[in-house]
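>>> got a predicted structure here, sequence first:
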Amino acid sequence: MLTANPQLTPDKKLRHLLTTEGLPKSLIENILDTAAQFVSVGDRDVKKVPLLRGKSVFNLFFENSTRTRTTFEIAAKRLSADVINLNINASSTSKGESLVDTIDNLIAMDADMFVVRHAQSGAAHLIAKHVNAVRPNVAVINAGDGRHAHPTQGLLDMYTIRHYKKSFHNLSVAIVGDILHSRVARSGIHALTTLGCPDVRVIGPKTLIPTECERMGVSVHHDMLRGIEGCDVVMMLRLQNERMEGPLLPSAQEFFKSYGLTAEKLARAKADAIVMHPGPMNRGVEIESTIADGRQAVILPQVTFGIAVRMAVMSMVGAGRGDAA
Ligand code: CP
């Protein structure tokens with residue numbers, strides 16, 4: 001049964017994971033705490049726990065992915081699930097089968113969980129609504145829908161920030177670049193404000209900052225040198241050319257001059273600031289290579305933490321129970 005927030009059960013446990021917007025603080029903290037318990041599984045000889053043994057997880061990636069698809073697969077396997085990666089290009093989607101018909105057929109194969117990436121905002125919500133009507137025990141996790149949400153990226157970013165900075169109170173976080181087309185920025189902003197981060201700044205050209213930012217409780221900066229001043233966390237974003245309609249920037253070179261992270265700009269942040277990037281990175285466009293590979297970068301730890309965070313989410317929605325076993 002759905003509540004006002006379709007990803008929660010009536011007793012406020014995690015039923016699906018569709019967005020970080022509206023997730024209670026206690027639930028986000030529970031996900032991060034559960035992830036912390038899973039990090040050490042990666043250090044074991046046998047990297048497995050039996051929490052999803054016998055469950056079938058279907059990875060449905062209608063859009064390209066390196067990090068998200070692979071770490072969801074690793075996470076599901078570490079939880080002992082059976083993982084099926086549907087090859088969308090070789091599937092009957094290319095013959096005109098609708099998304100809902102595809103889902104119905106996979107439910108008929110006894111799917112327990114769908115991990116969905118789709119170019120259309122709202123695709124994961126649509127699937128969650130459908131499975132709630134036809135097979136309420138099936139869980140849906142949004143692995144990125146259009147420019148709307150990428151909740152597990154937002155959560156792994158929170159895990160990374162908490163790992164390095166310990167607490168969200170008194171933190172200044174700058175999110176830089178193409179905010180307009182970024183589901184990562186939206187998911188990060190909702191999670192940061194819920195967790196009590198008092199100073200979230202978005203930095204970018206006017207053409208790449210959506211008007212909704214101000215009502216999301218963040219400050220808007222167009223001058224990067226000023227915007228990054230005194231920050232604890234600098235989160236860089238890729239220019240998402242595939243989602244841009246028409247030219248929004250003079251050129252990638254001009255963008256780099258104003259908004260690319262260089263040593264000179266990073267020097268304005270705190271000396272112990274961490275540099276994050278969800279990937280894929282475009283070196284020389286939004287970030288200089290020396291910074292991407294430098295001592296302040298935590299870009300690869302973000303990927304590693306993503307496995308534990310995805311294990312936490314999958315274990316919590318796993319049997320429709322909403323809490324970790
Ligand atoms: N961060 C992220 O979503 O990367 P992928 O597109 O490679 O999954």
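Received the coordinates, thanks.
>>> residues in contact with stretch 85-103?
Identification of contacts with stretch 85-103 by C-beta atoms under 8 Å, 6 or more residues apart in numbering yields 58-62, 69, 73, 106, 114, 118, 123, 126-127, 130-131. In short, each C-beta sits where N, CA and C put it, glycine included.
>>> out of the residues you listed, who's nearest Asp33?
Glu73 (23.7 Å; C-beta to C-beta).
>>> please identify the residues of the stretch 151-300 of the chain in proximity to the ligand?
Gln153, Pro278, Gly279, Pro280 (C-beta under 6 Å from any ligand atom).
>>> got a list of what the third one touches?
Pointing back at Gly279 there. Gly279 makes contact with Thr66, Arg67, Arg238, Ile299, Gln302, Val303 under the criterion C-beta under 8 Å, 6+ apart.
>>> how about a cut-off of 7 Å?
By C-beta atoms under 7 Å, 6 or more residues apart in numbering, the residues touching Gly279 are Arg67, Ile299.
>>> so what sits opposite Val220 in the bridge?
For Val220, the beta-bridge partners are Val202 (DSSP bridges).
>>> quick check: it touching Cys213?
Yes: if you go by C-beta atoms under 7 Å, Val220 and Cys213 touch, sitting 5.5 Å apart.
>>> write the ChimeraX selection for whichever of the residues of the stretch 151-300 of the chain next to the ligand are buried.
Restricted to buried positions by 16 or more other C-beta atoms under 10 Å, the ChimeraX selection for these reads:
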select :153,278,279
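>>> pick the one among the residues of the stretch 151-300 of the chain next to the ligand closest to Lys206.
Using C-beta to C-beta, Pro278 comes nearest to Lys206 of these, at 22.9 Å.
>>> how near is that closest one to Gln302?
Here Pro278 is placed at a distance of 7 Å from Gln302 (C-beta to C-beta, to the nearest Å).
>>> can you check Leu195 too?
The gap separating Leu195 from Gln302 is 17 Å, by C-beta to C-beta.
>>> quick one: the strands in the stretch 51-200 of the chain?
56-61, 82-86, 113-118, 139-145, 172-176, 199-203 (DSSP state E, counting those that start in this stretch).
>>> mean neighbour count, those strands: which tops it?
Compared across the strands of the stretch 51-200 of the chain, strand 139-145 shows the largest average neighbour count, a mean of 27 (mean count of other C-beta atoms under 10 Å).
>>> where does the stretch 151-300 of the chain have low pLDDT?
The model of the stretch 151-300 of the chain has pLDDT under 70 over residues 246-247.
>>> give me the residue from the stretch 101-250 of the chain nearest the ligand.
Gln153 (5.2 Å; C-beta to the nearest ligand atom).
>>> tell me where the stretch 51-200 of the chain has helices.
With DSSP state H, counting those that start in this stretch as the criterion, the stretch 51-200 of the chain has helices at 67-78, 99-107, 123-134, 151-165, 183-194.
>>> the closest residue to Lys77 other than its chain neighbours: what's it in contact with?
Among residues not flanking Lys77 along the chain, Val83 sits closest, at 5.9 Å (C-beta to C-beta, 6 or more residues apart in numbering). Going by C-beta under 7 Å, 6+ apart, Val83 touches Val57, Asn59, Glu73, Ala76, Lys77.
>>> let me have those residues in a markdown table, extended by distance to the ligand.
Listed next are the contacts of Val83 as a markdown table, based on distance: C-beta to the nearest ligand atom, whole Å:
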| residue | distance to the ligand |
| --- | --- |
| Val57 | 16 |
| Asn59 | 11 |
| Glu73 | 11 |
| Ala76 | 15 |
| Lys77 | 17 |
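>>> report the contact partners of the one residue in the stretch 151-300 of the chain that gets nearest to the ligand.
Evaluated by C-beta to the nearest ligand atom, the stretch 151-300 of the chain has Pro278 as its residue closest to the ligand, separated by 3.7 Å. Residues near Pro278 by C-beta under 7 Å, 6+ apart: Gln153, Val184.
>>> wait, what's in contact with Pro24?
Pro24 neighbours (C-beta under 7 Å, 6+ apart): Lys12.
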